[in-house]
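J.: I'll drop the sequence and a predicted model, then ask my questions.
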Amino acid sequence: MNGIANTATFAYRSWLKAIRNPESFMDIALMPIMFTLMFTFIFGGAIAGSTAEYLPIVIPGILVQTIVTATGTAGTQLREDADKAVAARFATMPIARISPLAGVLSADLLRYGIASIVVFGMGALLGFRPAGGLAAIIGAIAFVMLMGWCLSWLFAFSALKAKSVSMAQSMAMIIMFPLTFLSNAFVPTETMPAPLKFFAENINPLSRAIAAVRELLAGGGIGNQFWFALAGALTILVVFIPLTLQVYTKRR
């Protein structure tokens, strides 16, 4: 219970820092709007025949892309905290070793929630009405928030292993762009060359997450894609929590 309380305290500290720096919300507030408008009106007619037909395809893709981008930012912020003297101070306090890490990453759950609301709000303005209704939207938001929290441990590990904050940012982008664009997020995988199609359908975990969100929003409920994506996310969690904690402890 002490570890949970410590984590909640660090999450509150992280959230206060974010509130005092409104620019930290730029990525989750503006990028979803920009990407939704760009992809819908530039590619919608070419890919799906009309913007209305493209929205059920692109909104889940934008949703997952936005969350993944936000998780990369979380890793960079954690690295900045770890480089400060205050991190050494935390090491001398009678707190759970994992709480500074878990607190920062858990605080970002609020960012993921806000980003999800922005995506669905933008979709609603463009006419997107999921067949699954409000319950499906809430379920999709909860699902991507969990996926984002699990992925944030991977990005936290890579950021802490980097030699500098700028390198951590570059590494996050190198991981994020292939995962989001070499997936089924924006175009059908059937149109891709065979090697890229194989990667998108069989290796890229985001493709399964996006397919699960689409199925859920379409009123199809929870299917195999949901469980495959969840299993992959939990695997990342199990692997990278101890690795990230080990690296973070050494840096202090």
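T.: Cool, got the structure. Numbers count the residues shown, from 1 in each chain.
J.: For Gln65, list the residues it contacts.
T.: Contacts for Gln65 (Cβ atoms under 8 Å, 6 or more residues apart in numbering) come out as 35, 180, 185. Using the backbone N, CA and C atoms, a C-beta is placed for each residue, glycine as well.
J.: try 10 Å
T.: Each residue near Gln65 by Cβ atoms under 10 Å, 6 or more residues apart in numbering is listed here: 31-32, 35, 39, 58, 115, 119, 176-177, 179-181, 183, 185-186, 206, 210.
J.: just the buried members of these?
T.: With neighbours counted by 16 or more other Cβ atoms under 10 Å, those contain buried members at 31-32, 35, 39, 58, 115, 119, 176, 179-181, 183, 185-186, 206, 210.
J.: For this structure, just list every one of the helices.
T.: With DSSP state H as the criterion, the chain has helices at 2-19, 26-29, 31-48, 51-82, 85-91, 99-125, 133-161, 165-181, 194-198, 205-217, 224-251.
J.: shaky segments in the stretch 51-200 of the chain?
T.: 75, 81-94 (pLDDT under 70).
J.: 80 - rerun?
T.: For the stretch 51-200 of the chain, the stretches with pLDDT under 80 are 72-101, 162-172.
J.: The nearest residue to Gly113 once chain neighbours are set aside: how many residues sit nearby?
T.: Spatial nearest neighbour of Gly113, excluding adjacent residues (Cβ to Cβ, 6 or more residues apart in numbering): Met145 at 6.1 Å. By other Cβ atoms under 10 Å, the residues close to Met145 number 19.
J.: OK, contacts around Met145?
T.: Contact analysis of Met145 by Cβ under 10 Å, 6+ apart lists 67, 108-113, 115-116.
J.: Kindly recompute the last result at 7 Å.
T.: Residues in contact with Met145 (Cβ atoms under 7 Å, 6 or more residues apart in numbering) are 109, 112-113.
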